[in-house]
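Engineer: need coordinates for the following:
(chains A and B)
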Amino acid sequence: MIVIPFKRVIILGDSPLVEEYASLCHSKGFEVAVKLNAEFGHVKLAKGFKKIAKPTRSADIALELTNLSLATKKANLLALDATLPQGIPVISSSVAVTALEQTSWISHPERLVGIGALPSLISNSLIELAPSFVTSPEALKRAKEFIVAMGKTPAVVKDSIGLVLPRILCTLANEACFALGEGVASVNDIDTAMKLGTNYPWGPIKWAEKIGFRHVRAVMESLHAHFGEDRYRLSPVLRNAAIQNRIAGIS
Amino acid sequence: MIKSVGVVGAGTMGSGIAKVAAFAGLEVTLVDVSPDLLKSAMAKIKADVRSGVEKGKITATEGTEALAAIHVRKSISDLGNVDFVVEAAVEDLTVKKEIFSRLDAIVAPEVVLSSNTSSLSITAIASLTKSPESVVGLHFFNPATVMKLVEVVRGKQTSDQTVKTTCDLAAKMKKVPVVCRDTPGFIVNRIARPFYGEALRLLGEGVATVEEIDRIVKLEGGFKMGPFELMDLIGIDVNYAVTKSVYEQFFQEPRFRPHPIQRQMVEAGTLGRKTKKGFYIYK
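Structural biologist: Predicted coordinates for the structure are as follows:
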């Protein structure tokens, strides 16, 4: 099977997701153009990335990695959709809004493929993709080829808020924050208990910090809105942690 | 300074705890009403020690000394002189209350009475004793000889001194103690609920298959086992019972609601590895 190589990649979205994906693409020899969302405009990017003010036509694939603001995500997708030639796929993070909902914003919905993008997870070997039912088979095929070209294993799952791993991780972190807020145990004892008692690679609160409390909050709020169930309501401790993106008492 | 420990109940947990305590240099009195259970517990401990010596993990002398430190008795009344008690009997509040009121009558008030319960209220267990401030939860994980963690559970009336004595003893037994309030599921059995609950919902909603969810959780998340592999290992019936218990104790909090798939697996008798059939087939 011949895979048309990926040479130029455009990456838009939230920090530090953009930097993580840009670094990986850069290490694979792709030419990377990035645009960080305005709220992270002052973040310094490592050398080797071209900063762009708006998407250009010259790209083989585009990534939209905004989880924290639906309005920004929509604006980024509209700009990509208006600029990129019709056949160029757009892989868009779909942990806080379904791929299907995103397709309703753009003129070429068949090019959009959802991805389970949360900060820090890229260091592992598998990446989830979630096509909506209007996503074209060609766009999904190209998205899978791109994940492989980044040196990762793609797994295709049904389009659903949080996909598989982000949903499990964020609900674990949310429960840990409920327990913390109720004074069940300290941050360190909760994290120690989950690492030693269940063999988790990280304690859930430390993990939420690595991902970013804001991203965890975005996933929980979307799950809550999507399912309309109390089960997914945000822990007040997590809501507060998302404000300064940190939690008191963590070491 | 704790020098001797009484262990009530010679089942899997009780015998494991007795072995850990003996290897920590403590004198252990292991009590059970069933002579058969006591016999099989000692046989198991001896076999473990023998294999430990063969594998070079312990010396023959260490093994002999540890075995000599374990004394088996048939009655709780033989625990009158121990410094610390660990109760590891069946998970039944009536049985535990009976054990604790009998212990309360024979030990000094400052002797800590701990329970290895994973699902019952320490506060309720302590309520029948004259010194509820000396009653505490000491939750070991299975297998007790291997798992480093112990949850030290502070009941409504447990004193700071009791918590400290218990944490010190856990450290002496080379365990890592974490302190938590007496709340349903303590830390681990509560916070782990979404790992299973969301995996079951993802399966029920058709987001991915059993195999795919396990693969994603391991390769994308770095977990050693996927939720379905783990449920099969724990026993789907056991996992379902824990979920139901936490759900009911939290007054039907929806975050802990069990999933119909779990119930159906239990109804079908496909309970995981122990029945050779669960979310996976085992040969």
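Engineer: thought B:V150 was touching A:G197, still the case?
Structural biologist: No - applying C-beta atoms under 8 Å, one finds A:G197 not in contact with B:V150, separated by 9.2 Å. C-betas here are computed from N, CA, C, even on glycine.
Engineer: now the common contact residues for those two.
Structural biologist: Counting by C-beta atoms under 8 Å, 6 or more residues apart in numbering or on different chains, the shared contacts of A:G197 and B:V150 are B:F141.
Engineer: more neighbours: these two, which one.
Structural biologist: More crowded of A:G197 and B:V150, by other C-beta atoms under 10 Å in any protein chain shown: B:V150, with 29 against 23.
Engineer: quick one: contacts of the helix or strand hosting the more buried one?
Structural biologist: B:V150 is part of strand B:149-154, with elements assigned from DSSP states H and E. Applying C-beta under 8 Å, 6+ apart, the set of residues contacting strand B:149-154 from outside is A:192-193, A:196-197, B:122, B:136-141, B:163, B:166-167, B:170, B:175-182, B:186-188.
Engineer: what angle separates the helix or strand that comes right after that strand from strand B:149-154?
Structural biologist: Using DSSP H and E, the helix or strand that follows strand B:149-154 towards the C-terminus is helix B:160-172. Here the directions of helix B:160-172 and strand B:149-154 differ by 170 degrees (axes from the mean of the first three to the mean of the last three C-alpha atoms, to 10 degrees).
Engineer: and helix B:160-172, what does it pack against?
Structural biologist: strand B:112-115, strand B:135-140, strand B:149-154, strand B:176-181 (3 or more C-beta pairs under 8 Å, 6 or more residues apart in numbering or on different chains; DSSP states H and E).
Engineer: dump the shortest one to CSV, restricted to CA.
Structural biologist: Taking only C-alpha atoms (Å, rounded to 0.1, in the frame of the first residue of the first chain), the coordinates of strand B:112-115 have been written out as CSV:
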residue,chain,number,x,y,z
VAL,B,112,-5.9,-1.2,69.6
LEU,B,113,-8.6,-3.4,68.1
SER,B,114,-8.5,-3.2,64.3
SER,B,115,-10.7,-4.6,61.6
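Engineer: quick one: strands adjacent to that strand?
Structural biologist: Here strand B:112-115 is paired, per DSSP bridges, with strand B:84-87 (parallel), strand B:135-140 (parallel).
Engineer: off-centre distance for the following helix or strand past the first one?
Structural biologist: Reading on from strand B:84-87 to the C-terminus, the next helix or strand found by DSSP H and E is helix B:93-106. Distance, stretch centre to chain centre, for helix B:93-106: 19 Å (C-alpha atoms, centre = their mean, to the nearest Å).
Engineer: coming back round to it: ok, the strand holding B:V150: who's next to it in the sheet?
Structural biologist: Using DSSP bridges, the strands paired with strand B:149-154 are strand B:135-140 (antiparallel), strand B:176-181 (parallel).
Engineer: got the ones you listed as a markdown table, with mean pLDDT and mean neighbour count columns?
Structural biologist: Output for the strands paired with strand B:149-154, formatted as a markdown table (pLDDT from 0 to 100; neighbours: other C-beta atoms under 10 Å in any protein chain shown):
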| stretch | mean pLDDT | mean neighbour count |
| --- | --- | --- |
| strand B:135-140 | 98 | 26 |
| strand B:176-181 | 98 | 21 |
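Engineer: A:E39 is nearest to which of those?
Structural biologist: Across these, A:E39 has its closest neighbour in strand B:176-181 (37.4 Å, C-beta to C-beta).
Engineer: CA atoms only: put the closest one into PDB for me.
Structural biologist: Output in PDB follows, covering the C-alpha atoms of strand B:176-181 (Å, rounded to 0.1, in the frame of the first residue of the first chain):
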ATOM      1  CA  VAL B 176       2.700   1.900  53.400                       C
ATOM      2  CA  PRO B 177      -0.200   3.200  55.500                       C
ATOM      3  CA  VAL B 178      -2.600   5.900  54.200                       C
ATOM      4  CA  VAL B 179      -5.100   7.500  56.600                       C
ATOM      5  CA  CYS B 180      -8.700   8.000  55.600                       C
ATOM      6  CA  ARG B 181     -12.000   8.800  57.200                       C
END
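Engineer: tell me how chain A divides into domains.
Structural biologist: Using automatic domain parsing, the domain parsing of chain A gives A:8-156, A:165-244.
Engineer: ranking these by burial, who's on top?
Structural biologist: domain A:165-244 (a mean of 21; mean count of other C-beta atoms under 10 Å in any protein chain shown).
Engineer: circling back: between the domains of chain A, which gets the lowest average pLDDT?
Structural biologist: If these are sorted by mean pLDDT, domain A:8-156 sits at the bottom with a mean of 92.
Engineer: ok now the longest helix along chain A, how far from the chain's centre?
Structural biologist: Ranked by residue count and defined by DSSP state H, the top helix of chain A is helix A:165-181. Per C-alpha atoms, centre = their mean, the displacement of helix A:165-181 from the mean C-alpha position of its chain is 17 Å.
Engineer: now the element after it, going C-ward?
Structural biologist: helix A:187-198.
Engineer: tell me which parts of the stretch 51-200 of chain B are close to chain A?
Structural biologist: Within reach of chain A by C-beta under 8 Å from any C-beta of the partner chain, the stretch 51-200 of chain B has these residues: B:141, B:147-149, B:151, B:176, B:178-181, B:183, B:186-188, B:190-195, B:197-199.
Engineer: what about burial for the residues you listed, which qualify?
Structural biologist: B:141, B:147, B:149, B:151, B:176, B:178-181, B:183, B:186-188, B:190-195, B:197-199 (16 or more other C-beta atoms under 10 Å in any protein chain shown).
Engineer: who in the stretch 151-251 of chain A is up against chain B?
Structural biologist: Within reach of chain B by C-beta under 8 Å from any C-beta, the stretch 151-251 of chain A has these residues: A:153, A:155, A:157-158, A:160, A:163-165, A:167-169, A:171-172, A:174-176, A:178-179, A:182-186, A:189-190, A:192-194, A:196-202, A:204, A:229-231.
Engineer: wait, what's in contact with residue 74?
Structural biologist: Going with chain A. A:W105.
Engineer: could you do chain B instead?
Structural biologist: For B:K74, the contact set (C-beta under 8 Å, 6+ apart) comprises B:31-33, B:35, B:38.
Engineer: got a quick PyMOL command for the buried subset of these?
Structural biologist: Buried members of the contacts of B:K74, defined by 16+ other C-beta under 10 Å, are picked up in PyMOL with:
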select buried, chain B and resi 31+32+38
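Engineer: show the average pLDDT along the strand holding B:V150.
Structural biologist: 98.
Engineer: distance from the chain centre to it, please.
Structural biologist: That offset, for strand B:149-154, works out to 10 Å (C-alpha atoms, centre = their mean).
Engineer: could you tell me the angle between that strand and helix A:187-198?
Structural biologist: Using the same axes, to 10 degrees, strand B:149-154 lies at 130 degrees relative to helix A:187-198.
Engineer: quick one: contacts for the closest residue to B:V49 other than its chain neighbours?
Structural biologist: In this structure, B:V49 finds its nearest non-sequential neighbour in B:G63, 4.2 Å apart by C-beta to C-beta, 6 or more residues apart in numbering or on different chains. Counting by C-beta under 8 Å, 6+ apart, B:G63 touches B:49-50, B:52-53.
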